[in-house]
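Participant: Below is the structure, and that's it, no one-letter string:
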C-alpha cells in the first residue's frame, strides 16, 4: 500500500512475477582494492555502526546517472541489478540512517527506499526507468570536512545488452529440499477479480504444506500478530511523513500488551523491530509458533484523501471488488519491493489454488472477521463495506484462521493522527481482544456440542 505521491513511490509488480535478473556483484574496500565477493549475510555490524547521512543524484550525461551515498565511516558494500521491474540494489552491513528529506531524484532513478533487510544487512533499492548497468562503483576517501562517499555510476543499456549479460550469469544449483515440490496448479482464471496466491514454502523448521499440525497441548491460545511491511519496505506514507511500517508495529506492540494482560494468550510477533520479513517468512513464523489465530496489520493510502475507516479482509481466490483485488496485488509485491531476486525461486513459489482442506480454515477466518467487525464498529469508524476478501499471500496459512486488518487510511490526515495516538490504539486494541475472546468461546462451544 504505497502512497504514489510519496518519495518512496508506489508498489511495483506482484511477487508472482519471475522475470530475468542480472546480478553484478562488486566488492570494494576503502583502500580502493577489490577483496572478493562480499557476503552481507555473514558480515556482522561494527561496534559503532556507520551512518548514511545523505543520498545525492546527478546526470553525468544523457545515458549516465551518478548516485552518491554520504557516509560517516568506512563500510563494505555490494551492488547488483534486477529486472521485472528494473532495480539497482545496494547491500551494506547493518547501519544507521540519517537522511534528510530528498525533494527529487535524477537521471534513470525514479524513486528509492532503504532500511534493514535482515539482521546484519541493510539495503537500498533504486527503481530505475529501464535496463542499466553499474558502470562504476567506488569509494572516495574522507576529504577535509567530507566523510567517505560511495559512488555508483548507472549507465543505460539496451534490453538486448541486458539480456546478453544475464545469459552469462552462472545459474545457481537448486536448493536441496527435504520434501518433494508442490504440484503445479492449473493457470488461474483471467477474471479481473482473480489474484494469484502464494503457497507456504517449506523452510527450516517449518511444516510442509498439507502436513497436519501436532495435537494441541492444553494451555494458552497462541495469537500471531503480523505488523505489515518493515525495514527496506516502508509501506504507505502518511500525511505527516510517518511510514505504515511504524504504525503497524506500534499497533502490534499495543495489542501484545493487551492480549498478555488477560492471562489467556501467548503472543508472537512476526517482527518486533524495523526489519524486512518475506511473505513466506511471516507464514513460517505463524506455523512454527503453532498459532491459533493470525492477524496481519496494515494501513492503506489512496488518492481520495477524504476516505477513512477500518476494514477487515479474509482470503479468497476471487476478490470481493476491484479495490480489494488491487490491494491484494500490491501487498503481494513485498518481496519485489525489497529487492529480492526471484529468478531462481523453487517450484514451491508457483501459483496454486486453494485446496479443499483449506476451506474449513477460510470459514473460521470469515466467522472471526464478522465478530471482529461487530466489536470494532462500536468503537471506531469503519468502511461501509467492512468485510472484504481477496488473494492475500500472507493469509495463506492452510491451518490457521487468518485476517488482515486495514487499520485506516494514512492518506486521511485525521485518521493518520488517530493511528499515531496511543489512546486510540488502546481503544482499538481492546475491541480486537474482545472479539478474539468471543471467537474462541464460540469455537469451544462448537467443540462441546
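Facilitator: Thanks, I have it. Bear in mind that the values here come from a model prediction, so they are computed numbers and not experimental data.
Participant: Which parts of the chain belong to which domain?
Facilitator: 51-167, 221-448 (automatic domain parsing).
Participant: Just name the most buried of these.
Facilitator: Among those, the stretch with the highest mean neighbour count (mean count of other C-beta atoms under 10 Å) is domain 221-448, at a mean of 20. (Each C-beta comes from the backbone N, C-alpha and C, glycine too.)
Participant: Tell me who's in contact with residue 439.
Facilitator: Residues in contact with residue 439, defined by C-beta atoms under 8 Å, 6 or more residues apart in numbering, are 293, 367-368, 371-372, 401.
Participant: Show me where the stretch 251-400 of the chain has its helices.
Facilitator: Secondary structure of the stretch 251-400 of the chain (DSSP state H, counting those that start in this stretch): helices located at 279-288, 322-331, 334-337, 359-376.
Participant: And for the longest one, what's in contact with it?
Facilitator: Around helix 359-376, the neighbours that count as contacts under C-beta under 8 Å, 6+ apart are 293, 310, 312-316, 354, 382, 386-387, 389, 395, 397-403, 405, 428, 431-432, 434-436, 438-439, 442-443.
Participant: Compute the inter-axis angle for the lengthiest helix in the chain and helix 359-376.
Facilitator: Criterion DSSP state H: the longest helix present in the chain is helix 422-448. Calculated by axes from the mean of the first three to the mean of the last three C-alpha atoms, to 10 degrees, helix 422-448 forms an angle of 140 degrees with helix 359-376.
Participant: List phi and psi for residue 270.
Facilitator: Phi and psi for residue 270, reported as degrees, to the nearest 10, are phi -70, psi -30.
Participant: okay, the domains of the chain in a markdown table with mean pLDDT next?
Facilitator: A markdown table is the format used below for the domains of the chain (pLDDT from 0 to 100):
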| stretch | mean pLDDT |
| --- | --- |
| domain 51-167 | 90 |
| domain 221-448 | 88 |
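Participant: Go through the contacts of residue 439 and say which is closest to residue 163.
Facilitator: residue 401 (44.8 Å; C-beta to C-beta).
Participant: Could you report the separation of the closest residue to the closest one other than its chain neighbours from residue 390?
Facilitator: Spatial nearest neighbour of residue 401, chain neighbours left out: residue 364 (4.0 Å); criterion: C-beta to C-beta, 6 or more residues apart in numbering. Counting by C-beta to C-beta, to the nearest Å, the separation of residue 364 from residue 390 is 18 Å.
Participant: got it, and residue 370?
Facilitator: As for residue 370, its distance to residue 390 is 17 Å (criterion: C-beta to C-beta).
Participant: do residue 156 as well
Facilitator: For residue 156 relative to residue 390 (C-beta to C-beta), the value is 37 Å.
Participant: And residue 115, by the same measure?
Facilitator: From residue 115 to residue 390 the distance is 26 Å (C-beta to C-beta).
Participant: what's the answer for residue 57, then?
Facilitator: Distance, residue 57 to residue 390, using C-beta to C-beta: 36 Å.
Participant: Residue 448 too?
Facilitator: With distances taken as C-beta to C-beta, residue 448 is found 34 Å from residue 390.
Participant: what does residue 126 give?
Facilitator: Using C-beta to C-beta, residue 126 is found at 30 Å from residue 390.
Participant: and what of residue 311?
Facilitator: From residue 311 to residue 390 the distance is 11 Å (C-beta to C-beta).
Participant: Residue 446 too?
Facilitator: Using C-beta to C-beta, residue 446 is found at 27 Å from residue 390.
Participant: How about residue 289: what's its closest non-neighbour residue?
Facilitator: Using C-beta to C-beta, 6+ apart and skipping the chain neighbours, the partner closest in space to residue 289 is residue 268 (4.3 Å).
Participant: my guess is that neighbour contacts residue 226, does it?
Facilitator: No - using C-beta atoms under 8 Å, residue 268 is not in contact with residue 226; the gap is 9.5 Å.
Participant: Give me the common contacts of those two.
Facilitator: Listed as contacting both residue 268 and residue 226 by C-beta under 8 Å, 6+ apart are residue 286.
Participant: which residues does residue 150 contact?
Facilitator: Shown in contact with residue 150 (C-beta under 8 Å, 6+ apart): 28, 68-69, 71, 75, 77, 90, 137-139.
Participant: hmm, who's touching stretch 55-74?
Facilitator: 29-30, 46, 48, 50-54, 90, 99, 102, 104-109, 112, 114, 124, 126, 132, 135, 139, 146-156.
Participant: so who does the nearest residue to residue 282 once chain neighbours are set aside touch?
Facilitator: With C-beta to C-beta, 6+ apart as the criterion, residue 282 has its nearest non-adjacent residue at 4.6 Å, and that residue is residue 270. By C-beta under 8 Å, 6+ apart, the contact set of residue 270 is 224-227, 277, 281-282, 285-286.
Participant: From residue 327, how far out is residue 270?
Facilitator: The value you get for residue 270 to residue 327, if C-beta to C-beta is used, is 19 Å.
Participant: got it, and residue 416?
Facilitator: From residue 416 to residue 327 the distance is 18 Å (C-beta to C-beta).
Participant: now swap in residue 403 and tell me
Facilitator: Counting by C-beta to C-beta, the separation of residue 403 from residue 327 is 14 Å.
Participant: overlap in contacts of those two?
Facilitator: Going by C-beta under 8 Å, 6+ apart, residues that sit against residue 403 and also against residue 327 are residue 313.
Participant: Wait, residue 149 touches residue 140, no?
Facilitator: Yes - if you go by C-beta under 8 Å, residue 149 and residue 140 touch, sitting 4.4 Å apart.
Participant: Can you lay out the helices of the stretch 251-400 of the chain as JSON lines showing distance to residue 240?
Facilitator: Below are these laid out as JSON lines (distance: least, C-beta to C-beta, whole Å):
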{"stretch": "helix 279-288", "distance to residue 240": "27"}
{"stretch": "helix 322-331", "distance to residue 240": "22"}
{"stretch": "helix 334-337", "distance to residue 240": "22"}
{"stretch": "helix 359-376", "distance to residue 240": "24"}
